[in-house]
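[1] What shape does this take:
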Amino acid sequence: MSYRNYSNQPFRPQFGGFSFFPPVIKYLLMSNAAVFLVQMMLQGGVLTFHGESLFDWFARTFYLWPLGSGAFMPWQLVSYMFIHGGFQHVFFNMLMLWMFGVEIENLWGSKKFAIFYFTAGIVAGLANLLIAPIFTATGPTIGASGGVYGVMAAFAMVFPDRYVYLYFLLPIRAKYLIAGLILLEVVYGVLGTHEGIAHIAHLGGAIVGGVWVLLDQRGHIDRWLSRRRSGSSVSTRWNESQKDAKFYEFTPGRHERKSGDQAYDAAQKRIDEILDKISVSGYAGLTEEEKRILLDASKRIHPDSQNN
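    You can find the predicted model right below:
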């Protein structure tokens, strides 16, 4: 697949010095590839420890095992996302993650995207543990598809009219293609067909993608992240001060300003935008101008503070 925007002009994601691999996507691709190489080395049972095949230990420890199997461990809800059943499995999962994830990470920021991706994967795993047994027999589960389906669903909602070129030939809008894939997962999951594929897990991830975007469009996600961000000392100091302190216009020598003054309101709005950006992409994601504005604002509120 490849994709273009709905005006049918060639699209090329641009971020990080024209890199096609933003941080979270890059590390996910690298870690999945590394784990796959480890699997290849362990397969065949050649390597053993105290008489036990290391591959058997690896599978027992990191696959996502059904609740009644006696092998389930909580960390498997994350570890199973990095393990795949073969080259084709890992290749297409990573291809879909790259194709649909780069723009989402670029839009949301790396921290927000990482939380979203792992939330989708964990919920997908829980769906496979709790719901899938209702429709079909389940076994140990592996693969990043749950998180990937979450990314795909989010992409379809954020960029619904983006053209995706199926097999690089057939243009179809993202909302139709991805909705069709999700519908197939519903049919396969309910009917219990295509055994060996965790359709319910795919649906769990897709549902997270849809719900996340709906909440994000209403500002709930950013507010939730803002309440829990550790943030930089500058952003935390400003955020705490703005609750109680009086605000000042960012021009030296001017007197205190109050809400309703256009200059004050514009300055406060600009600061709020910068704080929101920090909550998503961190202090390092600010431009030099934004850092300067934040520093000036901090000096107005804390005139006695010093910078090293």
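[2] what are the ranges of the helices in the stretch 151-300 of the chain?
    174-191, 199-217, 220-228, 233-244, 262-281, 288-301 (DSSP state H, counting those that start in this stretch).
[3] winner for burial among the ones you listed?
    Among the helices of the stretch 151-300 of the chain, helix 199-217 has the highest mean neighbour count (mean count of other CB atoms under 10 Å), at a mean of 23. Bear in mind the C-beta positions are built from the backbone N, C-alpha and C, glycine included.
[4] Please identify which of the helices of the stretch 151-300 of the chain is closest to Asp161.
    Taking CB to CB, helix 174-191 is the member of these nearest to Asp161, at 7.1 Å.
[5] Below-threshold pLDDT in the chain: ranges please.
    Along the chain, the parts satisfying pLDDT under 70 run over 1-20, 45, 192-195, 229-264, 278-285, 298-308.
[6] Identify whichever of the helices of the stretch 151-300 of the chain lies nearest to Ala71.
    Smallest distance to Ala71 across the helices of the stretch 151-300 of the chain (CB to CB): 17.6 Å, for helix 199-217.
[7] hang on, the earlier thing: what would the helices of the stretch 151-300 of the chain look like in JSON lines with distance to Pro66?
    JSON lines is the format used below for these (distance: least, CB to CB, whole Å):
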{"stretch": "helix 174-191", "distance to Pro66": "16"}
{"stretch": "helix 199-217", "distance to Pro66": "12"}
{"stretch": "helix 220-228", "distance to Pro66": "32"}
{"stretch": "helix 233-244", "distance to Pro66": "44"}
{"stretch": "helix 262-281", "distance to Pro66": "37"}
{"stretch": "helix 288-301", "distance to Pro66": "49"}
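[8] between those, which one is nearest to Gly44?
    helix 199-217 (27.6 Å).
[9] Nearest to Gly86 among the helices of the stretch 151-300 of the chain would be which one?
    Nearest to Gly86 among the helices of the stretch 151-300 of the chain is helix 199-217 (17.6 Å), distances taken as CB to CB.
[10] Tell me what angle that closest one forms with helix 220-228.
    Here the directions of helix 199-217 and helix 220-228 differ by 80 degrees (axes from the mean of the first three to the mean of the last three CA atoms, to 10 degrees).
[11] Show residues contacting helix 199-217.
    Contacts of helix 199-217 with the rest of the structure, by CB atoms under 8 Å, 6 or more residues apart in numbering, involve 108, 116, 119-121, 123-128, 131-132, 135, 141, 145-154, 157-158, 182, 185-186, 188-189, 221-222.
[12] any idea how far Tyr176 is from Phe155?
    13 Å (CB to CB, to the nearest Å).
[13] How about Met94?
    Applying CB to CB, the value for Met94 to Phe155 is 15 Å.
[14] out of these two, which sits in the busier spot?
    The neighbour count for Met94 versus Phe155, taken as other CB atoms under 10 Å, is higher for Phe155 (26 against 21).
[15] give the contact list for the residue nearest to the more buried one when sequence neighbours are not counted.
    Computed as CB to CB, 6 or more residues apart in numbering, the closest residue to Phe155 that is not its neighbour in sequence is Phe100, at 4.1 Å. If you count contacts by CB under 8 Å, 6+ apart, Phe100 has them with Val148, Val151, Met152, Ala154, Phe155.
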